[in-house]
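Colleague: Okay, here's the prediction I keep looking at, along with the sequence it came from:
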2 protein chains.
Amino acid sequence: MQDLVQTNGAEGPLYSRIHRELGERIMRGSYPVGALMPTEVELAAEFGTSRSTIREALRSLTEDGYVERRQGMGTRVIASEISAGYHQSLNSIHELQQIALDTYMVILSDEQVALDDALAPRVGGKTDEVWAKVSGIRWTAPGGRPICFIESYVPGRLAHVVPEFHGLQGSFFDLLERRSGEAVREVQQDIRAVQMPVRISRMLGLPDGAQSLQLLRRYITDRGTLIASCNWHPADQMTYRMQIRRGRGPQD
Amino acid sequence: MQDLVQTNGAEGPLYSRIHRELGERIMRGSYPVGALMPTEVELAAEFGTSRSTIREALRSLTEDGYVERRQGMGTRVIASEISAGYHQSLNSIHELQQIALDTYMVILSDEQVALDDALAPRVGGKTDEVWAKVSGIRWTAPGGRPICFIESYVPGRLAHVVPEFHGLQGSFFDLLERRSGEAVREVQQDIRAVQMPVRISRMLGLPDGAQSLQLLRRYITDRGTLIASCNWHPADQMTYRMQIRRGRGPQD
DNA sequence: ATCGCCTTTTGGTATGGACAAGTCACACTG
DNA sequence: CAGTGTGACTTGTCCATACCAAAAGGCGAT
């Protein structure tokens, strides 16, 4: 497979170059969605390599979500574009922005805090670093129903943007992305069932000890956390619904 | 290495048993967080196996988030309490299968029920239809810790497959997919914080009124629901973790 | 037609060896 | 002291081979 070395980037290990080549064939449609790929032995023969190397390449394709493998059956192509991996749940980062646009946030406080040992790993910082902390309540509309209580943490390098949060229409992370020039690579979200802290349940007009569904989101760029946001939703008013799709091709 | 075979579950491939054993050492603190694990060669010697097999086990530990590996440096322990039940990460259908493979399910009951008005929409059926209802508890391992209580509902057209659930290694939906020939198009998941029903909290050995994180999943094919599964996790033992990524191709 | 058995195909697991490529500690050199 | 190699060590990549286990397909008996 000298051709492979020439046409594709010659960089990287062999299994990685084969991984790229196979990924391109899938994207081009040479291996259509729904069809079986050549077997490991056939691919090993084609690329003039060992089965182990082919398996390593196929493993990468599996992790990408391109193919699905089953013993005795073969390797089936299940998606031809990786954007299908972007899909699940809140359907992409875009939907997060939409929630912010459709609702209304009132900021209650805005201060500087030093991270303690408990907070640091949750927001993605180090102990004793100073971050900006913004608290508030999100409403369905001005004068409407409260949706959740929010505490957001912004790292020191971006604290200068925080004053602009007041009166902002739209999402904080969107503003931070534009002001900082850092692009959000991924959002990590933790969902837990926790008792609502008393100070929060009172602010939302709920009884002490009310249960809540807590969402902790970290927006991550190449430079680390852009913003971490912790939302407490009253348990009886919140169901988090998400979908995981299996990529099927263009007709989806 | 006969000890491993005896003390741990003797089931599964060798690398998988070694994976479990090393995971337990990390949880017990035999390999403290921050320290380097023994090298691949040392482990291979200890377990009397080849380096490839050790590498496969270490790869699983990496995917679990227990360790971090770097060429030339070694394998470092970075977490000690991420067991399969505590953090669930769910970015693809494939990961759902993996959770089922890494854990262990005990079926407690198996009956036919008619759907009432409350249940029908939750499982994706119609009122008064007869479905099979399978209840059970998922464990980290035989004799390990309980992870969650499960109630699964299977539509009548697939009830004949239910007897095969007993003693099954792997996920129910995987089996149903194969037996029925219907492909899961998407999984819909609802996440809520609810009080655990008393009958369930008692079976898990928790006090009455314990809080839980409830996951309701529906596996949907072209012919409707393949299986609906409702999982109650003890609130203090469960964080649901997920990531929303910006897509990337195989070119990395 | 349906069931059960056998064979073939295919991915999964395991071995053992070889060399490449990072990382680190340490001695050496300017 | 600062920088530079050098060698030992560790994970990464790649190979050839062997056998196992699941799935599919063919075939014959019922």
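Modeller: Yep, that arrived.

Colleague: wait, what's in contact with the residue of chain A found nearest DNA strand C?
Modeller: Closest residue of chain A to DNA strand C, C-beta to the nearest atom of the strand: A:Thr39 (3.3 Å). C-betas here are computed from N, CA, C, even on glycine. Residues counted as contacts of A:Thr39 (C-beta atoms under 8 Å, 6 or more residues apart in numbering or on different chains) are A:74-75.

Colleague: Show the pLDDT at it.
Modeller: Listed pLDDT for A:Thr39 reads 96.

Colleague: again with the one 4 residues further on
Modeller: Looking at A:Leu43, its pLDDT reads 96.

Colleague: any idea what sits nearest it, other than its immediate chain neighbours?
Modeller: In space, and not counting its chain neighbours, A:Leu43 is closest to A:Ile54: 4.7 Å by C-beta to C-beta, 6 or more residues apart in numbering or on different chains.

Colleague: Just confirm the one you found is within a strand.
Modeller: No: counting by DSSP: H, G, I helix; E, B strand; the rest coil, A:Ile54 is not part of a strand but helix.

Colleague: The most centrally placed residue in chain A: which element?
Modeller: In chain A, the C-alpha nearest the mean C-alpha coordinate belongs to A:Val187, at 3.2 Å (C-alpha atoms, centre = their mean). Element membership for A:Val187, per DSSP states H and E: strand A:186-195.

Colleague: now the helices for the stretch 51-200 of chain A?
Modeller: A:51-64, A:92-102, A:119-123, A:172-180, A:198-203 (DSSP state H, counting those that start in this stretch).

Colleague: and those, which one's lowest on average pLDDT?
Modeller: Lowest mean pLDDT of the helices of the stretch 51-200 of chain A: helix A:92-102, a mean of 62.

Colleague: Neighbours of A:Ala210, how many?
Modeller: Counted with other C-beta atoms under 10 Å in any protein chain shown, residues neighbouring A:Ala210 total 19.

Colleague: Point out where the stretch 101-250 of chain A drops to low pLDDT.
Modeller: The stretch 101-250 of chain A contains residues with pLDDT under 70 at A:101-102, A:243-250.

Colleague: Spell out which parts of it neighbour DNA strand D.
Modeller: Nowhere does the stretch 101-250 of chain A come near DNA strand D, counting by C-beta under 7 Å from any atom of the strand.

Colleague: And the strands in the stretch 101-250 of chain A?
Modeller: Along the stretch 101-250 of chain A, the stretches classed as strands by DSSP state E, counting those that start in this stretch are A:104-114, A:130-139, A:146-155, A:186-195, A:211-221, A:224-234, A:240-245.

Colleague: in the sheet, who's paired with the residue in the stretch 51-200 of chain A positioned nearest to chain B?
Modeller: Closest residue of the stretch 51-200 of chain A to chain B, C-beta to the nearest C-beta: A:Ala193 (3.5 Å). A:Ala193 has the following beta-bridge partners by DSSP bridges: A:Leu213.

Colleague: give me every residue that touches it.
Modeller: By C-beta under 8 Å, 6+ apart, the neighbours of A:Ala193 are A:211-214, A:235, B:193-194, B:211-213, B:235, B:238.

Colleague: And it, how close does it get to B:Ser229?
Modeller: Going from A:Ala193 to B:Ser229 by C-beta to C-beta, to the nearest Å gives 18 Å.

Colleague: What of A:Thr140?
Modeller: Applying C-beta to C-beta to A:Thr140 and B:Ser229 gives a distance of 32 Å.

Colleague: Of those two, give the one with the bigger neighbour count.
Modeller: Neighbours around A:Thr140 and B:Ser229, counted as other C-beta under 10 Å, are more numerous at B:Ser229. The numbers are 22 against 12.

Colleague: nearest residue to that one other than its sequence neighbours?
Modeller: Nearest residue to B:Ser229, sequence neighbours excluded (C-beta to C-beta, 6+ apart): B:Ser152, at 4.5 Å.

Colleague: give the contact list for A:Ser135.
Modeller: Contacts of A:Ser135 (C-beta under 8 Å, 6+ apart): A:107-110, A:149-152.

Colleague: And the furthest pair within those residues?
Modeller: Distances among the contacts of A:Ser135 were taken as C-beta to C-beta; the most separated pair is A:Asp110 and A:Phe149, at 14.9 Å.

Colleague: Break chain A down into its domains, please.
Modeller: Per the record, chain A has its domains at A:2-84, A:92-237, by automatic domain parsing.

Colleague: of these, which approaches B:Ala114 most closely?
Modeller: domain A:92-237 (27.5 Å).

Colleague: Chain B contacts on the stretch 101-250 of chain A?
Modeller: When proximity is defined as C-beta under 8 Å from any C-beta of the partner chain, the stretch 101-250 of chain A approaches chain B at A:183-195, A:211-213, A:235, A:238-246, A:248.

Colleague: Check these for burial and list the buried ones.
Modeller: Buried by 16 or more other C-beta atoms under 10 Å in any protein chain shown: A:184, A:186-195, A:211-213, A:235, A:238, A:240, A:242, A:244-246, A:248, out of those.

Colleague: Pull up the gap between A:Tyr15 and A:Arg51, please.
Modeller: 11 Å.

Colleague: quick one, which of those two is more surrounded?
Modeller: A:Tyr15 (20 against 13).

Colleague: List the contacts of A:Phe173.
Modeller: Counting by C-beta under 8 Å, 6+ apart, A:Phe173 has contacts A:96, A:184, A:219, A:226-227, A:229.

Colleague: go on, A:Gly224?
Modeller: Applying C-beta under 8 Å, 6+ apart, the residues contacting A:Gly224 are A:124-125, A:155.

Colleague: ok, it to A:Ala193 distance?
Modeller: 28 Å.

Colleague: For A:Leu204, which non-adjacent residue is spatially closest?
Modeller: Spatial nearest neighbour of A:Leu204, chain neighbours left out: A:Pro146 (5.1 Å); criterion: C-beta to C-beta, 6+ apart.

Colleague: Hmm, I typed the wrong one, I wanted A:Glu56.
Modeller: A:Tyr15 (3.8 Å).

Colleague: tell me the SS of the one you found?
Modeller: A:Tyr15 ends up helix, using three-state DSSP.

Colleague: Which residues are in contact with it?
Modeller: Contacts here follow C-beta under 8 Å, 6+ apart; on that basis A:Tyr15 touches A:53-54, A:56-57, A:60.

Colleague: if I look at the nearest residue to A:Glu129 once chain neighbours are set aside, how far off is A:Val154?
Modeller: Spatially, and ignoring its direct neighbours in sequence, A:Glu129 is nearest to A:Leu115 (5.1 Å; C-beta to C-beta, 6+ apart). A:Leu115 is 12 Å from A:Val154, where distance means C-beta to C-beta.

Colleague: between these two, what contacts are shared?
Modeller: In contact with both A:Leu115 and A:Val154: A:Trp131, using C-beta under 8 Å, 6+ apart.

Colleague: Looking at the two, which one has more neighbours?
Modeller: A:Val154 (24 against 21).

Colleague: My guess is that one contacts A:Trp131. True?
Modeller: Yes: between A:Val154 and A:Trp131 there is a contact under C-beta atoms under 8 Å: 6.2 Å.

Colleague: tally of neighbours for A:Glu81?
Modeller: Count around A:Glu81 with other C-beta under 10 Å applied: 18.
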